[in-house]
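Please work out how this folds:
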Amino acid sequence: MLSMKKNQGFSLIEVLVTIVLTTVGILGMVALQVKSISYTQDTIQREAAISAADELVEIMRTYRDELYENIPPSDLKAADVKGSYGEFYSQLKSSSALYADKKAAFTESDCPSTGTAQTVKAVAGCWLQKQERVLPDFKVERLCPSVSADDCTDNFKGSSLLLDLSWSSRDQSCGVGGDSATCHYSVRVEL
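Prediction:
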């Protein structure tokens, strides 16, 4: 009787299937890593925009005399106004050294090249220069008194501002569908 020997080992087809499955797995991991880097960059830029907005709000709070109408409440007597109440900040001006016509009224050229910035416009100009180094194509799109979350109003009698910042995204990951090259960060703050 003739005995047949069993072949042991892998056939060429099995090896090819293993290589294809391994390649698909590795390519999936590479694609995941590329997306992860993109999302990390987007997060870093958004954090920088949030920090920039916070810095500008603090500048505005520091120089509030240039932004507010100093009108005491109507129910105070004239004697009380001159008393220990201090300054009254009841409403934002319709335009100021920082904003006019629903836009920022300062540019990076307002920052003095030598010495220290002394005016609110100079401080804001230096702030803008700093942000342009951090975020590509950084702009203050809107800066205005605001009655609601996405509205600039000419006749607003309050103390809240709308601040809308924009910058460019390298991988067009901004916008509702994630297909815009311009990213925005909007915040409405109570000064």
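
Centre-most residue in the chain?
What sits nearest the mean C-alpha location of the chain, by Cα atoms, centre = their mean, is A49, with 2.8 Å.

Count the neighbours of the closest residue to it other than its chain neighbours for me.
Using Cβ to Cβ, 6 or more residues apart in numbering and skipping residues adjacent in sequence, the residue nearest A49 is Y185, 4.0 Å away. (C-beta placed from N, C-alpha, C; glycine too.) Residues near Y185, counting by other Cβ atoms under 10 Å, number 20.

which of the residues in the host helix or strand of Y185 are buried?
Under the criterion of DSSP states H and E, Y185 resides in strand 182-190. Residues of strand 182-190 classed as buried: C183, Y185, S186, V187, V189 (neighbour count, 16 or more other Cβ atoms under 10 Å).

try stretch 54-64
L56, V57, I59, M60, Y63.

Restricted to helices, list these.
L56, V57, I59, M60 (DSSP state H).

Need the max-distance pair from those residues.
Taking Cβ to Cβ, the two most distant members of these are V57 and I59; they sit 7.3 Å apart.

Now do the same for T43: helix, strand or coil?
Taking DSSP: H, G, I helix; E, B strand; the rest coil as the rule, one finds T43 in the helix state.

what about it, how many neighbours?
By other Cβ under 10 Å, neighbour count at T43 equals 10.

I figured Q41 was touching R170, is that so?
Yes. With contact defined as Cβ atoms under 8 Å, Q41 reaches R170; the gap is 7.3 Å.

Much appreciated, bye for now.
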